[in-house]
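[1] Sequence first, predicted coordinates after that:
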Amino acid sequence: MGGWLGCCCCSRHLAGAGTGAPARLPGRTQGGQAASQPQAAHRHLEKSPGSAILCNNCGKACKGEVLRVQKKYFHIKCFVCKACGRDLAEGGFFVRQGDYICTLDYQRLYGTRCFSCDQFIEGEVVSALGKTYHPHCFVCVVCR
Ligand SMILES: [Zn+2]
Ligand SMILES: [Zn+2]
Ligand SMILES: [Zn+2]
């Protein structure tokens, strides 16, 4: 078999090469089978074209550096904030209905609003009776 049987970085043989029997060709990372694949041991991905891992964002095959988030894969450049396009690999992120959003945008979009002034609250929050306020907004409406 003219298959690619060596690890691309250490050129170690991956499967029973040399016996004439194609024991296990690299390249079946999808589909639930093949538990023993080299990236666990070597921390890099195979470069076999048959084993394309699809980017969850653009749908294209991931080559080279790939980000794994939960059970999904992304190109590094594809793992960006849905709202502002900022690189999410750097900072934190939130998942909202399948969309990945940076912390700032998440706050902006889904964050807590002050019940008094209707602005978003960053930092300190005062909550009372199920409502939230800026600390400086939580004052007596009569005497201020
Ligand atoms: Zn992508
Ligand atoms: Zn953002
Ligand atoms: Zn306020």
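    Nice, thanks for sending it over. Ligands and ions are numbered 1, 2, ... in the order given.

[2] So for residue 67, what's the nearest residue that isn't a sequence neighbour?
    Spatial nearest neighbour of residue 67, chain neighbours left out: residue 74 (4.6 Å); criterion: C-beta to C-beta, 6 or more residues apart in numbering. C-beta: built from backbone N, CA, C; applies to glycine.

[3] Which residue comes closest to residue 138 once chain neighbours are left out?
    Nearest to residue 138 is residue 126, by C-beta to C-beta, 6+ apart, at 4.3 Å.

[4] Next up, the contacts around the one you found.
    132, 133, 134, 135, 137, 138 (C-beta atoms under 8 Å, 6 or more residues apart in numbering).

[5] Could you pull out the helices in the protein for me?
    Using DSSP state H, the helices of the chain run over 38-42, 103-110.

[6] Those: lowest mean pLDDT?
    Lowest mean pLDDT within the helices of the chain: helix 38-42, at a mean of 32.

[7] So in terms of bridging, what pairs with the nearest residue to residue 108 once chain neighbours are set aside?
    Once flanking residues are discounted, residue 108 sits nearest to residue 120: 6.3 Å by C-beta to C-beta, 6+ apart. Bridge pairing for residue 120 (DSSP bridges) gives the partners residue 113.

[8] Quick check: residue 120 touching residue 110?
    No - at 9.6 Å, residue 120 does not count as touching residue 110 under the criterion of C-beta atoms under 8 Å.

[9] For the contacts of residue 126, give me JSON lines that also has neighbour count, distance to residue 87 and pLDDT.
    Converted to JSON lines, the contacts of residue 126 look like this (neighbours: other C-beta atoms under 10 Å; distance: C-beta to C-beta, whole Å; pLDDT from 0 to 100):
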{"residue": "132", "neighbour count": "17", "distance to residue 87": "30", "pLDDT": "91"}
{"residue": "133", "neighbour count": "20", "distance to residue 87": "34", "pLDDT": "92"}
{"residue": "134", "neighbour count": "21", "distance to residue 87": "30", "pLDDT": "93"}
{"residue": "135", "neighbour count": "12", "distance to residue 87": "33", "pLDDT": "92"}
{"residue": "137", "neighbour count": "16", "distance to residue 87": "34", "pLDDT": "91"}
{"residue": "138", "neighbour count": "16", "distance to residue 87": "36", "pLDDT": "90"}
